[in-house]
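In: Give me a 3D structure for the following:
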Amino acid sequence: MIVREGFRKMLELEDDLEVVGEAPDGRQAVAAAKKLRPAVVLMDIAMPAMEGLEASARIQNLCPTPVIVLTAYENITLVERAADSGVVAYLVKPVSGRHLERAIIVARARFGDLMQVRHLNQQLQLINEDLERFSYMVAHDLRHLLS
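Out: Numbers count the residues shown, from 1 in each chain. The predicted structure follows:
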């Protein structure tokens, strides 16, 4: 709780940043992200009820949101797990307000790029499906004409 309060105060001192919710554990973090749809989520790894990386993965599945991990653990295995969970930045505490603000800006921009690529990929899949249907119809009509 003390750490959350410290980060909230740090964020409130930065321009254009507003804390819209807090959660004491991973389950509540997932529920809050789903309900509040924040611009970015700051997540610890060591959390009760559901650890932060599992919560991050669930947030990505339910309501894709850029997640920045703030942790005391500097371990390459955790960094790899964080990347697999959809985390866009991994910061080791202690973190200054300036570093956190920069990480938020970059995380939001990269996440926006990722969402645009996903959208374009979905559009491309639809176009490919249309082309497959069209080619099937053309092939069917040609077979019919030839017979």
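
In: What residue, apart from its backbone neighbours, is nearest residue 93 spatially?
Out: Spatial nearest neighbour of residue 93, chain neighbours left out: residue 72 (5.1 Å); criterion: Cβ to Cβ, 6 or more residues apart in numbering. Using the backbone N, CA and C atoms, a C-beta is placed for each residue, glycine as well.

In: burial measure for that neighbour, as a count.
Out: 11 (other Cβ atoms under 10 Å).

In: Check whether it really touches residue 90, as I assumed.
Out: No: taking contacts as Cβ atoms under 8 Å, residue 72 lies outside contact range of residue 90: 11.9 Å.

In: re the thing from before, tell me how far the residue nearest to residue 93 lies from residue 119.
Out: Look at residue 72 and residue 119: by Cβ to Cβ, to the nearest Å, they are 36 Å apart.

In: do residue 19 as well
Out: 29 Å.

In: Which of the two has more residues huddled nearby?
Out: Applying other Cβ under 10 Å to residue 19 and residue 119 shows that residue 19 carries more neighbours, namely 14 against 10.

In: mean confidence for the strand or helix carrying residue 59?
Out: Assigned by DSSP states H and E, residue 59 falls within helix 52-62. For helix 52-62, mean pLDDT is 94.

In: which strands and helices sit next to that helix?
Out: Here helix 52-62 touches helix 26-36, strand 41-43, strand 67-71, helix 76-84, going by 3 or more Cβ pairs under 8 Å, 6 or more residues apart in numbering; DSSP states H and E.

In: In terms of secondary structure, what does the shortest one contact?
Out: Read that as strand 41-43. helix 26-36, helix 52-62, strand 67-71.

In: and with 10 Å instead?
Out: helix 2-13, helix 26-36, helix 52-62, strand 67-71, helix 97-146 (3 or more Cβ pairs under 10 Å, 6 or more residues apart in numbering; DSSP states H and E).

In: coming back round to it: name the residues of the helix holding residue 59 that come out as buried.
Out: Of all the residues in helix 52-62, those buried under the rule 16 or more other Cβ atoms under 10 Å are 52-60.

In: same thing with stretch 129-138?
Out: For stretch 129-138, using 16+ other Cβ under 10 Å, no residue counts as buried.
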